[in-house]
Every structure is written in C-alpha cells, then in structure tokens.
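K.L.:
pasting a predicted model and its sequence here:
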Amino acid sequence: MIKYNLKCKNKHEFESWFSDSKEFEKLRQKKIIECTLCGTKNVQKSIMSPSILSKNQKVKNIQSARYLKKIRKDLLKMRNFIEKNFNYVGDNFPQEVRNIYYDKNKNKNIYGKATPEETEELREEGIELTTIPWIDNKKEN
Ligand SMILES: [Zn+2]
C-alpha cells in the first residue's frame, strides 16, 4: 500500500491510500478520486514522498529497525555525495534543467525540487531525471 498526499485544484491537502502508483493513476484518470473537502475531482499528487504499510511478512521484515538503519546510512551517503558534487537550485530546478539541457555549452550538475507533474513534463521532453529519497541528516534515530 502507498499513502499519497493529495492536493486538489483549490489547494486542499489530504491523504489517501492506494495499492500502488498505477492504481492511483488509473483512478485519477477515471476521475474517481475526490477532494475530501470540496469534492472536486481535479486532484494531483502533492510533493511529499509516499510511505509504505504492508501486512506481508517478508516486507515487514524489511521494515525492521536494522534494515532501515542501513538504508538510512546509504541514503545519507548518497545525499552527501550529491551535496558535494551538485549545485542546489531549489524550486528553480525544472527551469535550470531545461537551461542546461538545451545549451550545449553548459555542463553542470544540479539538484533541486520538482513536483511529480513537473518531473513528468521534463521526462516527456526527453530529459532523464532521477528522483531520490531525501532524508534529514541532522536527526539521528
Ligand atoms: Zn478541495
């Protein structure tokens, strides 16, 4: 199961569970997903990353503290690597990506924020992006 944070065209935010991302897309396209506050069917995924919940035993083991700690360590390493080697452009990411992609003289590594819709648009233009889980490097748990 995946939990998505959703946002309607009137900027209401709410959460909903789906069996996977394909199910979400299917329901969204059929306009079955409704805003819980105003009832509009114009609903998008909001920027936050999905959480997982599983009743399957195998997957449950993966959720164990030890395993999560290891993943956390790997993600931290990845984060450090990116911070060292890439320039942060924040919310300007989609625009900066295009600037660099279409300008042969520019050769820069950047990272920043994009909504799922912006990421999808860039992919449609043929720009390959990688989305990575971004974890807080200040908290230790
Ligand atoms: Zn709404």
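P.N.:
Here it is on my side, so go on.
K.L.:
CA only for contacts and neighbour counts going forward, please
P.N.:
Fine.
K.L.:
check contacts around Asn107.
P.N.:
Ile100 (Cα atoms under 8 Å, 6 or more residues apart in numbering).
K.L.:
quick one: it from Val97, how far?
P.N.:
11 Å (Cα to Cα, to the nearest Å).
K.L.:
also Lys45?
P.N.:
Here the criterion is Cα to Cα. By it, Lys45 lies 22 Å from Val97.
K.L.:
which of these two has more neighbours?
P.N.:
Lys45 (22 against 19; other Cα atoms under 10 Å).
K.L.:
most remote residue from this structure's center?
P.N.:
Within the chain, Asn105 marks the point farthest from the mean C-alpha position, 29.7 Å out by Cα atoms, centre = their mean.
K.L.:
check the gap between that one and the ion for me.
P.N.:
44 Å (Cα to the ion, to the nearest Å).
K.L.:
for that residue, phi and psi?
P.N.:
In terms of degrees, to the nearest 10, the main-chain angles of Asn105 are phi -80, psi -20.
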